[in-house]
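J.: Okay, here's the prediction I keep looking at, along with the sequence it came from:
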Amino acid sequence: MKKVHIKSFGCQMNVYDGQRMADILSHQGYEETATPEGADLILLNTCHIRDRAVQKVYTELGKLRDLKIEQKANGQYTKIVVAGCVAQAEGAEIQRRQPAVDLVVGPQAYHRLPELLAQTGRVVDTDLPIDDKFGYLPAPKPAAIVARGISAFVTVQEGCDKFCAFCVVPYTRGAEFSRPAAQVLVEVERLAAAGVQDVTLIGQNVNAYHGEGPDGAVWGLARLMQRVAEVPGITRIRYTTSHPRDMGDDLIAAHRDLPQLMPFLHLPVQAGSDRILAAMNRKHTGDEYRRLIDKIRQARPDIALSSDFIVGFPGESDDDFEDTIKLVDEIGFASSYSFKYSPRPGTPAADLRAQVPAAAMHERLLRLQERIEHHRQAFNHAMVGRTVEILLERVGRHPGQLAGKSPYLQAVQIETQANQIGDRVQVVIERAGSNSLFGRKAGPEDLAAKDLATKELAA
Ligand code: SAH
Ligand code: SF4
Ligand code: F3S
């Protein structure tokens with residue numbers, strides 16, 4: 001067997017693509033290895049979203065060049081492949097800056113990896129083809145699915161037509177595309193047959209999903225999830241990432257009506273100021289976002305919400321930033337990601353003059369992160385004393401501990417000898433640490449109290 005080392009940066013789409021590339025290569029006689037040392041093929045699956053992410057790739061490539069030279073001295077030829085969004089955005093530049101790279105392959109072209117690897121010389125394939133790659137991808141081997149655990153990502157939608165002024169995704173991933181529902185369902189069935197219980201349907205704009213249904217009609221995400229929920233063995237469903245503009249009533253209703261749909265929603269708002277939201281081309285205001293959250297909370301009062309934020313978008317004043325803080329404090333997100341604005345070549349915002357000074361940007365990020373952390377801790381501490389269902393996913397940090405996830409996507413550690421990975425157990429949360437919750441298996445009296453609380457909530 002030849003050895004391939006795959007390292008993915010960036011978002012869940014890249015995690016998914018990395019696994020699909022591993023599946024393709026497993027049919028070419030490659031087995032995966034956890035370290036680059038000794039690998040015949042090293043594949044960097046890259047992210048272009050912020051400048052830092054791109055710099056990381058070039059730093060990593062420098063190290064890999066040294067490894068390639070070292071391995072060559074020992075008689076081993078190492079091929080270096082750059083895939084993902086940096087490959088798409090700057091294929092030729094990569095070839096110029098790092099001659100050790102053998103192949104550059106974009107996110108919509110990697111199904112051609114076998115033929116590309118067979119070519120000699122240095123190759124670039126960054127086509128954004130009309131026909132989709134998904135139809136060409138081989139099924140993972142059941143052993144590979146088992147090795148990846150009981151939670152899995154399934155890409156259902158790719159690309160983006162929103163063109164937020166700061167973002168490279170519409171250029172690196174191309175136009176919005178939805179996989180046919182039947183194809184998604186086959187993939188979910190295959191995963192479930194190999195033991196996957198927990199699926200997250202992913203896409204850059206997943207709630208814009210509009211795939212062809214088996215009945216010939218166009219299916220939205222809510223309809224697709226209903227069918228995913230019917231796949232035997234699937235006990236938990238999530239989806240990410242969503243855009244506020246595509247949060248339809250049927251999808252909101254699914255949060256009330258579909259028991260397998262977990263009470264967690266990542267719905268990035270980016271900023272709180274209407275002026276900045278307009279400049280970002282987000283297509284929604286702060287109040288529209290607030291009203292949307294109200295509606296979602298009516299459908300599912302206990303839902304955990306999360307968001308992405310950008311501080312220091314060009315032209316952002318202190319007052320604009322205060323609007324972001326205000327929105328964060330009003331909504332009380334369970335968790336959030338926050339970033340300093342990074343000008344990206346080719347995006348409209350990169351040409352704006354009023355760039356925010358680095359010091360102000362830094363200060364705003366710290367303040368925002370302090371508020372985000374405050375609300376995260378509050379959300380986690382409010383869980384103490386509650387009984388929740390935990391899906392056990394792996395062994396915990398210490399002997400006798402198992403780790404799993406709450407419905408709200410919190411990491412939970414429980415002391416247990418008896419339960420097995422893959423079990424769903426009722427757990428009383430006893431303590432909230434800084435990154436995990438800790439609990440014990442619920443007894444009959446805990447379950448009775450939970451039933452009562454649920455009835456009170458429904459009344
Ligand atoms: N499709 C998703 C995620 C896009 S990228 C969405 O629409 O929400 C993930 C996050 O990176 C974005 O939500 C945004 O907060 C951040 N991001 C994107 N471009 C950025 C840039 N140029 N500078 C800083 N953060 C950026
Ligand atoms: Fe980027 Fe905006 Fe599309 Fe999200 S919605 S991927 S932030 S352009
Ligand atoms: Fe990065 Fe591409 Fe995802 S730019 S965030 S890997 S879509």
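T.: Cool, the structure landed. Ligands and ions are numbered 1, 2, ... in the order given.

J.: bridging residues for residue 428?
T.: Counting by DSSP bridges, residue 428 forms beta bridges with residue 387, residue 440.

J.: Looks like it contacts residue 444 (just checking).
T.: No: using C-beta atoms under 8 Å, residue 428 is not in contact with residue 444, being 11.8 Å away. Any C-beta I mention is one placed from the backbone N, CA and C, and that applies to glycine too.

J.: Just want to know which of the two has more residues nearby.
T.: residue 428 (20 against 7; other C-beta atoms under 10 Å).

J.: which one is residue 34 nearest to, not counting chain neighbours?
T.: Once flanking residues are discounted, residue 34 sits nearest to residue 5: 7.3 Å by C-beta to C-beta, 6 or more residues apart in numbering.

J.: The one helix or strand that neighbour maps to and ligand 3, are they touching?
T.: Residue 5 belongs to strand 2-8 when assigned by DSSP states H and E. No: judged by C-beta under 6 Å from any ligand atom, strand 2-8 stays clear of ligand 3, getting no closer than 8.3 Å.

J.: Return the alpha-carbon coordinates of that strand using PDB.
T.: Extracted as PDB, the C-alpha positions of strand 2-8 are listed here (Å, rounded to 0.1, in the frame of the first residue of the first chain):
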ATOM      1  CA  LYS A   2       1.100   3.500  -0.800                       C
ATOM      2  CA  LYS A   3       0.600   6.200   1.900                       C
ATOM      3  CA  VAL A   4      -1.300   9.400   1.700                       C
ATOM      4  CA  HIS A   5      -1.400  12.200   4.300                       C
ATOM      5  CA  ILE A   6      -4.300  14.600   4.100                       C
ATOM      6  CA  LYS A   7      -4.400  17.800   6.100                       C
ATOM      7  CA  SER A   8      -7.600  19.900   5.900                       C
END
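
J.: Would you mind listing the buried residues in it?
T.: Judged by neighbour count (16 or more other C-beta atoms under 10 Å), strand 2-8 contains these buried residues: 3, 4, 5, 6, 7, 8.

J.: For ligand 1, what's the nearest residue on this structure?
T.: residue 308 (3.3 Å; C-beta to the nearest ligand atom).

J.: The closest residue in space to that residue that isn't next to it in sequence: neighbour count?
T.: For residue 308, ignoring the flanking residues on the chain, the nearest one in space by C-beta to C-beta, 6+ apart is residue 268 at 3.8 Å. Residue 268 has 20 neighbours, counted by other C-beta under 10 Å.

J.: Stretch 188-204: how far from the chain's middle?
T.: 14 Å (C-alpha atoms, centre = their mean, to the nearest Å).

J.: now the helices for this structure?
T.: 12-26, 51-73, 84-97, 113-118, 142-148, 169-172, 181-193, 221-229, 249-257, 274-279, 286-299, 318-331, 358-381, 444-458 (DSSP state H).

J.: and the last one, average pLDDT?
T.: Translated: helix 444-458. In this model, helix 444-458 has a mean pLDDT of 84.

J.: Keeping just the C-alphas, turn that helix into PDB.
T.: Taking C-alpha atoms only, helix 444-458 is exported to PDB below (Å, rounded to 0.1, in the frame of the first residue of the first chain):
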ATOM      1  CA  PRO A 444     -35.700   7.400  37.700                       C
ATOM      2  CA  GLU A 445     -36.400  10.500  39.800                       C
ATOM      3  CA  ASP A 446     -34.400  12.700  37.400                       C
ATOM      4  CA  LEU A 447     -36.400  11.400  34.500                       C
ATOM      5  CA  ALA A 448     -39.700  12.100  36.300                       C
ATOM      6  CA  ALA A 449     -38.600  15.700  37.000                       C
ATOM      7  CA  LYS A 450     -37.600  16.100  33.300                       C
ATOM      8  CA  ASP A 451     -41.000  14.800  32.100                       C
ATOM      9  CA  LEU A 452     -42.700  17.400  34.400                       C
ATOM     10  CA  ALA A 453     -40.500  20.200  33.100                       C
ATOM     11  CA  THR A 454     -41.300  19.200  29.500                       C
ATOM     12  CA  LYS A 455     -45.000  19.200  30.200                       C
ATOM     13  CA  GLU A 456     -44.800  22.600  31.800                       C
ATOM     14  CA  LEU A 457     -43.000  24.000  28.800                       C
ATOM     15  CA  ALA A 458     -45.600  22.600  26.500                       C
END
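
J.: Right, I'll leave it there.
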